[in-house]
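1. Have a look at this prediction, sequence included:
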Amino acid sequence: MRSNRTYNICESAILVIYYLKGKIRLNKIEGIEEDKFWDSLFSFSLEKIRQYKSQNKHFYFAKSNNKKITTGGHIDDSLYKKAMEIRKEHKFKIYEFVELSLYLYAREVLTDKEIEFFEIELWGIMIN
């Protein structure tokens, strides 16, 4: 079953969501259906977080006063439950988990120029 979920995330992350959805709609990112964006995003990020955890890496978030904007969409309930379990395990706030998911995914599918344009490296996320 799929349910609608909403998240409050920073304004610059919203722009990346719209851009990624546009690339998906134009078939510039293969293997993702537009209506399964959140499923693909969370599945990818959960796998990446597991990989980093196996390498004993940690995630750090800079304090931010960025304006938060509400976004969201439909996501598979079991996937959402797994994502929230991982979020709790790492003590991420919901917006941190969603922004980290976008950060990891964007760094995988966007070009260096796109990453620079959206200033993704300035989101205050560090993996060490």
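-> Good, I have the coordinates.

2. Please tell me I have it right and residue 71 contacts residue 10.
-> No. Under the criterion of CB atoms under 8 Å, residue 71 lies out of contact with residue 10, with a separation of 10.5 Å. Backbone N, C-alpha and C define where each C-beta goes, glycine included.

3. Looking at those two, which one has more neighbours?
-> residue 10 (20 against 16; other CB atoms under 10 Å).

4. Next up, the contacts around the nearest residue to the more buried one once chain neighbours are set aside.
-> The shortest distance from residue 10 to any residue other than its chain neighbours is 4.1 Å, reached at residue 66 (CB to CB, 6 or more residues apart in numbering). Taking CB atoms under 8 Å, 6 or more residues apart in numbering as the criterion, residue 66 is in contact with 10-12.

5. Residue 58 now?
-> Neighbouring residues of residue 58 by CB under 8 Å, 6+ apart: 127-128.

6. Tell me the secondary structure at residue 4.
-> Reducing the assignment to helix, strand or coil with DSSP: H, G, I helix; E, B strand; the rest coil, the entry for residue 4 is strand.
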